[in-house]
Structure formats: C-alpha cells, structure tokens
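[1] Sharing a sequence plus its predicted fold:
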2 protein chains.
Amino acid sequence: MWALSTSGGDTAYHHGDLRRSLIAAARDLLRAGGVEAVTLREAARLAGVSHNAPYRHFASREALLAALATEGFRALRKALEEAGRRAEPPERLTALGRAYLRFADADRATFRLMFGGVVEDADHPDLAEASSATFGALRSVVTERESPAGAERDALRAWALVHGLAHLVADRQIDAARAEACLK
Amino acid sequence: MWALSTSGGDTAYHHGDLRRSLIAAARDLLRAGGVEAVTLREAARLAGVSHNAPYRHFASREALLAALATEGFRALRKALEEAGRRAEPPERLTALGRAYLRFADADRATFRLMFGGVVEDADHPDLAEASSATFGALRSVVTERESPAGAERDALRAWALVHGLAHLVADRQIDAARAEACLK
DNA sequence: CCCAGATGTTGACAATGCCCACATATCTCC
DNA sequence: GGAGATATGTGGGCATTGTCAACATCTGGG
C-alpha cells in the first residue's frame, strides 16, 4: 500500500512498514487495556501478519514495550519544548509543568509505561536516550531561573512536584484541573 | 504446622494457612522480579500445593496482586503513623515525608504495584479501604499545620512533592538521600 | 456417626512468548 | 538482466500461564 521511508531506519519491504504498523497497533492496545493488553500476537493480528512476523522487528515483547515508551518520551519532550517556546522565563516553568500534566492526563497508559518500571532503560539504548533527552529539556528550563545557591535542590523539587502530580493524575487520584492549580 | 488464626478471616485447614503462605510467596516473587514475576502457579509451587489450590483463596491473579498492594498500604500507613508519633508538629510533616520515601526506597516493587495501576482499587474493596485509610493518615498531618486559606492546595502540593520524589526514588532516577534533602 | 461444606488435586483448554526450519520478496553486484 | 545474498514473513511446535470443571479429602456440627 503506502511506502513511506521510516524514520527508524527500517526500509519498507513486503508489508509496507510493519514496524510502524506494529507500534501503532500496540499503542492502541496499550491505551485500551494497559500494559497487560499489549501482546505480540495481538499486535500481529491487528497488523494482518502472522504471529511470528513481529520478531523481525522486535527482539521480544519487552522491546516492543520499550519502543512504545520511547515514542512516549519523544512526544513528551516535544510537548515540553513547544510549551517552553510559547512562554517567557517568568511563566515558562509553569507552562512546562502544565504540558507535563496534560501529557499524563491525556495518555495515562503510556505515562505509566514510561515510568512504571516494566521496561528498564538500561536494556534499551533508544529508550535511555529518549528519556534522558526529555529530562534534559525539562532540566534546562527548571534551572535557568534560579541563582546558583540551592538551585539544584529547587530544580529537583520542581521536577518532583510536577512528577508527583502527574502520577496522581494518571492514577486518577486527583483530576487534572486540581493538579494544574498547584503549579503556582 | 503452625495454626494461627488469620487476620483475613480465613481459618486454618489442611495446609495450616495457605492464604498467608501464598501472600508471603508472592511478596518474595514481587520483590525479586517485579509484578510480571508474580504468578499463581509459582506461588503455589513455593507454598507446596497444587497449581489450583490458590483459587480457594484468590479469585484470580489480580486478586492476589490486590492482596499484596493492600498489605503494602497497611505497612505504609503504619510507617507514617509511627513517624508522626515520634515528631512534634513543626517537623512532623518532614518526618512523614521521610517515612514515605524510605518505604518507596526499601520496597520499590511493592510501591510500584501500589501506584502502578495494574490493579484497580475499585475492583477490590479491601484495597480501596486500605489505600484511602493511608491517604487519610497522611492528609490529617499535612493539613494540621496550615491556616484555612490555601490549606487544601498546600496539602496537595506537599503530598505531590513527596509522592513524586518517591516515584523518582523507586524508579532509581535519584537516590534516597537526595530525595530526603528536598523535604526542607 | 454421618453429612455438608471447606479445602486441595488432577486434568484440560486456550492464549502467549519464543524458537526452529522454511518460503518469498527485495537488493546488490556482475 | 540475472544470480546469490539478505531482509522479511509463514507455519509448526514447545513450555508456561490463567482459568475452568470434576473429583478427592479433610473438618466440624447435628
């Protein structure tokens, strides 16, 4: 059918772009039923291939989950950067926090996959890079406004506050509006 | 062997107290290999019973996980209450936060199970009760020191800060000492 | 003493992750 | 343009797991 050249470096062969299709299918499964619902065989079914085709693109189920988490970190980073670009230093940090919370609220399952510990960053280089790049984008904004004394601790505090709110939102223990009200 | 009367209401029959043994086995599996490693069949094996015996005590695998999470919330609540009892109002909140962080650091897998969304509180009454009781213990201390104006928001902020730090500790993104340094 | 219910066992089935050998499409190089 | 190499997809199979049904055994009350 379509024959785009994929961004991941895989070229399109028989199926068109099975890797991308599998990730898309897995994302649907993740959002619909959480991590437990993400299955190599079901993703293959949705993509219209045999139960073993995924192994040409992902070494294991965990590798597929890692790809989903990687995608999530890239999306979050993009959201953070856009939010930062739209605001000036005084309110920039608040804007980032809001973007962070909105991400967690809009895609709870992916957020939990990213931070749930089911996939270890260390085992998946792409994931490790995407996650540290995302934290870097956040950190650079957090530290830009503070004087050196205690800056590190304040940065960590800000990050932890937003991160905690995001988890509470993802777990449906508070709603997104109340969380945003906490961002000063 | 031993014949304690269990707290859950189950009496001891053939095995002694299978329910308790299964929970203990599952706890070991959880700590050793994360949620994915918790298996009804493996827990049964460790308890020395057949693969179907657990169904006399847990309706499903998720019910066993819910029992583990419930146990976790009760332990956390106990830790919070003890910490609160040992400190007076000015530092009491910090003491609670420290206890919260130590819990997350000492038993990362259980912490993630409690807040990871794999088990839904709504589906397990005991879990729902234990978790809300724990939050109640936390909330009562958080709100005791603030004046009414903005108290609710400050309480939520404090909770979110500690909760975020705990997640970062559990995910090994910062270490426990750095987290504690953020508790003012 | 005997029965009802609680507890544990055996056997089975479908789904899954993963491995193997094999088939087929595409690319490279001549 | 054709042959070999490589990438991609298929089919079968195996061990493990969650769950169900039927059966066995233990315990306590009448």
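    Ah, there it is.

[2] Could you grab the helix/strand/coil label for A:Pro50?
    No, residue A:50 isn't Pro; it's Ser. Following DSSP: H, G, I helix; E, B strand; the rest coil, the label given to A:Ser50 is coil.

[3] no, scratch that, I was asking about A:Lys184
    coil.

[4] residue contacts, the residue nearest to the spatial centre of chain A?
    Closest to where the C-alpha atoms of chain A average out (CA atoms, centre = their mean) is A:Gly72, at 2.1 Å. If you count contacts by CB atoms under 8 Å, 6 or more residues apart in numbering or on different chains, A:Gly72 has them with A:107, A:110-111, A:113-114. The way it works is simple: take the backbone N, C-alpha and C, and place the C-beta from them, glycine included.

[5] How about A:Ala87?
    A:94-95.

[6] Say whether DNA strand C is contacted by stretch A:36-48.
    Yes: counting by CB under 7 Å from any atom of the strand, contacts between stretch A:36-48 and DNA strand C involve A:38-42.

[7] Would you mind listing the two of those residues that lie farthest apart?
    Across those, the longest distance by CB to CB is 10.6 Å; it joins A:Val38 and A:Arg41.

[8] Between the two, tell me which one has more neighbours.
    Between A:Val38 and A:Arg41, counted using other CB atoms under 10 Å in any protein chain shown, A:Val38 has the larger neighbour count: 24 against 12.

[9] A:Tyr117: what secondary structure?
    Just to correct that, residue A:117 is Gly rather than Tyr. What three-state DSSP gives for A:Gly117 is coil.

[10] picking that back up, so which of the residues of stretch A:36-48 next to DNA strand C comes closest to B:Ala59?
    A:Thr39 (22.8 Å).

[11] Model confidence for that closest one, exactly?
    pLDDT, A:Thr39: 98.

[12] so how many other residues sit close to the closest residue to it other than its chain neighbours?
    In space, and not counting its chain neighbours, A:Thr39 is closest to A:Leu29: 6.9 Å by CB to CB, 6 or more residues apart in numbering or on different chains. Burial of A:Leu29 is recorded as 21 neighbouring residues (other CB under 10 Å).

[13] I figured A:Leu29 was touching A:Ala44, is that so?
    No: contact criterion CB atoms under 8 Å: A:Leu29 and A:Ala44 do not qualify, at 11.3 Å.

[14] Quick check: buried residues in the host helix or strand of A:Glu129?
    Assigned by DSSP states H and E, A:Glu129 belongs to helix A:125-143. For helix A:125-143, burial by neighbour count (16 or more other CB atoms under 10 Å in any protein chain shown) applies to A:126-128, A:130-131, A:134-135, A:137-139, A:141-143.

[15] Between these, which sits nearest A:Glu88?
    A:Val141 (11.4 Å).

[16] show me the contacts for A:Arg108.
    With CB under 8 Å, 6+ apart, A:Arg108 has these contacts: A:169-172, B:117.

[17] nope, A:Phe73 is what I meant
    Shown in contact with A:Phe73 (CB under 8 Å, 6+ apart): A:114, A:127, A:130-131, A:133-134.

[18] Tell me the confidence at the residue nearest to A:Thr39?
    Model confidence at A:Leu29, given as pLDDT, is 98.

[19] can you tell me how far it sits from A:Glu42?
    Distance, A:Leu29 to A:Glu42, by CB to CB, to the nearest Å: 6 Å.

[20] Please apply the same query to A:Phe58.
    Using CB to CB, A:Phe58 is found at 14 Å from A:Glu42.

[21] Between the two, which has more neighbouring residues?
    A:Phe58 (19 against 16).

[22] Pretty sure that one sits against A:Ala25.
    No: the criterion here is CB under 8 Å, and A:Phe58 misses it with A:Ala25 at 12.0 Å.

[23] Ramachandran angles for the closest residue in space to A:Ala95 that isn't next to it in sequence?
    In space, A:Ala95 comes closest to A:Ala87 once its chain neighbours are excluded; the distance is 3.9 Å by CB to CB, 6+ apart. Taking degrees, to the nearest 10, you get phi -130, psi 150 for the backbone angles of A:Ala87.

[24] Alright, that wraps it up for me.
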